[in-house]
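[1] coordinates only, sequence not included:
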């Protein structure tokens, strides 16, 4: 990378006008006899090549290229609480194994816990090449400072290529700390991952309000660090364990922390739509909150959980824990029925992996139909009663 430097001692009004005419991106601004470059600049270098000599200069500030051959291994941090692993870690192991086939590098699991025995067995059963274990009484509760010390030790010792983490509340506080400590980048809330044969991780996520899908890579930084939401990928098939286990020495790792645990308050367990097998999702086509009663017979007959889109949370109709999408929950039920949902990128990315998707919408061109297995074009106020009658006719109880 690099940037364009303007040598303003050589700038006159005529020179500024000439450069403004040359630039195809309108990146030059001339104010109070001072020529500057704004964020529209694409570093095309036309001003350097065709502009007045010596006025614009390209400054190459790129770092020396790294030797990618010394970085090997795709590592997955296995999040745990009370010595029980979060399922997102196993999903990431599946994706890591998939992309590792392009680079022929091993897949590692990183476990930090007071008692990691059960989690280690689970990781091995999912076909991990090696499990690196940091086991210590000090790791009973998650502490972002002491856990970061462990991951820093792992990376500096093994120089691995990629570190993947779940985009959970813990992961969202943990991953940025690791990125800062290791002086590398972080792409958060990825929805897709791929890798080049050279080992450059392609991190794909919605950007600019969901209007585009950005493909991000950091070819000159290691490790490559990304967080991925729960329910985005499938867990790998279980195998006869063949990997090995390495218990890291934790005695020399700092356990000092400015964070002190005062009290633990267990939150009451609530139904999580991420775990639901049947979901009915409702959108802004519902004109009044009372109209949601229309779906009650359908909900009862299918034993479904109700979910919603962001506008209905903002209306105060639903708790935000029932929202589907990148700013809510990611779901992968056996059956998902979408009623009156337009289908923004954020919503689609949060439900597209569902096994069977049925969508009802008046707009035949809605993007939601592109990911649906069955699409019904119609007004929800006409379609829902017919669905209720249909279930009654075929005897669904």
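    Here it is on my side, so go on. Note that the structure is a prediction, hence the values are computed from the model and not measured.
[2] name the SS class of residue 29, please.
    Secondary structure assignment for residue 29 (DSSP: H, G, I helix; E, B strand; the rest coil): strand.
[3] go on, residue 111?
    Residue 111 is classified as strand under three-state DSSP.
[4] tell me the contacts of residue 78?
    85, 86, 89, 90, 109, 110, 111, 119, 123 (CB atoms under 8 Å, 6 or more residues apart in numbering). Placement of C-beta: from N, CA and C, glycine included.
[5] now tell me what touches the helix or strand of the chain with the lowest mean pLDDT from outside.
    Lowest on mean pLDDT, DSSP states H and E among the helices and strands of the chain sits strand 212-216, with a mean of 86. Applying CB under 8 Å, 6+ apart, the contact partners of strand 212-216 are 187, 191, 202, 203, 204, 205, 206, 207, 208, 345.
[6] domain parsing for the protein?
    What automatic domain parsing lists as the domains of the chain is 2-60, 68-247, 273-393.
[7] now do the same end-to-end measure for the longest one.
    Between the start and the finish of domain 68-247 there is a gap of 27 Å, counting by CA to CA, to the nearest Å.
[8] go on, stretch 206-221?
    First-to-last distance for stretch 206-221 - CA to CA - comes to 22 Å.
[9] that one: which residues count as buried?
    206, 210, 217, 218, 221 (16 or more other CB atoms under 10 Å).
[10] out of these, which one has the lowest pLDDT?
    The member of the buried residues of stretch 206-221 with the lowest pLDDT is residue 210, at 67.
[11] can you pull out the strands in the stretch 201-350 of the chain?
    With DSSP state E, counting those that start in this stretch as the definition, the stretch 201-350 of the chain shows strands at residue ranges 201-207, 212-216, 224-228, 244-247, 278-282, 305-308, 335-339.
[12] need the residues that contact the fourth one.
    This points to strand 244-247. 120, 124, 129, 130, 131, 132, 133, 135.
[13] for this protein, longest helix please?
    The longest helix of the chain (DSSP state H) is helix 87-103.
[14] now do that helix: which elements does it pack against?
    With contacts taken as 3 or more CB pairs under 8 Å, 6 or more residues apart in numbering; DSSP states H and E, helix 87-103 sits against strand 74-78, strand 107-113, helix 117-125, strand 162-166, strand 192-195, strand 224-228.
[15] one more pass at 10 Å, please.
    strand 74-78, strand 107-113, helix 117-125, strand 162-166, strand 192-195, strand 201-207, strand 224-228 (3 or more CB pairs under 10 Å, 6 or more residues apart in numbering; DSSP states H and E).
[16] so for residue 43, which of the ones you listed sits nearest?
    strand 201-207 (19.8 Å; CB to CB).
[17] in the closest one, what counts as buried?
    Within strand 201-207, the residues that count as buried by 16+ other CB under 10 Å are 201, 202, 203, 204, 205, 206.
[18] quick revisit: and the buried residues of stretch 206-221, which is closest to residue 25?
    residue 217 (23.5 Å).
[19] show me what contacts the closest one?
    Shown in contact with residue 217 (CB atoms under 10 Å, 6 or more residues apart in numbering): 185, 187, 194, 195, 196, 200, 201, 202, 203, 204, 224.
[20] can you tell me how far the fifth one is from residue 217?
    To tie it back to what came earlier, the one meant is residue 196. 8 Å (CB to CB, to the nearest Å).
[21] since that was my last question, I'll sign off now.
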